[in-house]
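Sequence and predicted model, in that order:
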Amino acid sequence: MKAIVLKEFGGVENLEEREFTKPQVAAAEVLVAVKAISINPVDVKTRAGKGLAGRMKEFDPLILGWDISGVVAEVGTGVTAFKLGDEVFGMVNFPGHGQAYAEYVLVPARHLTLKPKNISHEEAAAATLAALTAWQALKVHASIKHGDRVLVHAASGGVGHYAVQLAKHLGAYVIGTSSAINKDFVLGLGADEHIDYQTQALEGSVRDLDFALDTIGGETTDHSLNVIKEGGAIISIPSGLSQAVVDKAKESGVIASFFLVQSSGEDMRSLADLLEKKILRSVVAETFAFGEMGHAHLRVETGRTKGKVIVTI
């Protein structure tokens, strides 16, 4: 089978396609013939030696990637939820060694769910790490409820475009930030208000928020704390929270936290239901062939994608 190996941390020139023997299935695993792979900022950061590189450096060969959609090719003896030929999708072993950049990927059955028949493999692969992050932040950690005022930063991006839709589904009043060029896109996702982060100061645009989902970090986190009401909360997902931010949040009576998304077939089933009912939709910004993985990484690296970047096999 074909797989793309990261020879060493650094530029996209270190991504190299190699041939491997098809992996053997353990009792609780499923072997998936991959049709589509979603590329995330964490893929790009890890390739460059940041992100999850510290966790990944021990693996040889190191195969990046966590998000897949495909067809069940083999089923472990202990697996009853899936059968040969089932179309499935999920986030594999995150934040461990997912090895998703391959024609065949071994997946713990508990990380998968059935792909809705009315969406493509590209749309399904898109709705894995990014959609899971939004779901776990809003539903699991923040418990967003009807009437909450919710701010979503980078609302046109991978995590953001799912977060806007999910927050609206949960009954929130949603404010999304993006550049002006993506205003109509963000409002089209269901946002009630749009803030152009390039020309509008956050503090002068909104106040008394119940929750903010910060997908950017840095100064964005600091400014967000100024518009969240006492008793409100912020989750920042890029790189954790500095002590200064933690202290400022405490002084303001705001709950500030960081979390790392976890693989979960149960949460994937919730997302699959929303996708099937068209409550949630994936926006695919651009699709690349498997041999164009480096180009896909460079596209994500711009930080300017609307929706998700997908690689197909």
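Nice, thanks for sending it over. In this text the structure is predicted, and so the values were computed from the model without any measurement. Numbering: from 1, shown residues only.

mind checking the SS state of Val72?
strand (DSSP: H, G, I helix; E, B strand; the rest coil).

And the pLDDT for it?
With respect to pLDDT, Val72 has a value of 98.

Skip the chain neighbours and tell me the closest residue to it.
Asp86 (4.4 Å; CB to CB, 6 or more residues apart in numbering). (C-beta placed from N, C-alpha, C; glycine too.)

Ok, Lys57 next?
Leaving aside its sequence neighbours, Lys57 sits nearest to Phe9 (CB to CB, 6+ apart; 7.7 Å).

Could you say which helix or strand holds the one you found?
Per DSSP states H and E: Phe9 is located in neither a helix nor a strand.

where along the chain do the helices fall?
Assigned by DSSP state H, the helices in the chain fall at 41-47, 53-56, 121-126, 129-135, 158-169, 183-188, 219-225, 243-252, 265-276, 293-301.

now for those helices, which one comes closest to His97?
helix 53-56 (6.7 Å; CB to CB).

Remind me what that closest one packs against, helices and strands.
helix 41-47 (3 or more CB pairs under 8 Å, 6 or more residues apart in numbering; DSSP states H and E).

Surely Glu103 is in contact with Ala3?
Yes. Using CB atoms under 8 Å, Glu103 makes contact with Ala3 at a distance of 7.0 Å.

neighbour count winner among these two?
Between Glu103 and Ala3, Ala3 has the larger neighbour count (other CB atoms under 10 Å), namely 22 against 18.

ok, that one - contacts?
Ala3 makes contacts with 17-20, 61, 63, 99, 101-103, as judged by CB atoms under 8 Å, 6 or more residues apart in numbering.

What residues are bridge-paired with it?
Counting by DSSP bridges, Ala3 is bridged to Arg18, Ala102.

And the pLDDT for it?
Confidence at Ala3, expressed as pLDDT, is 98.
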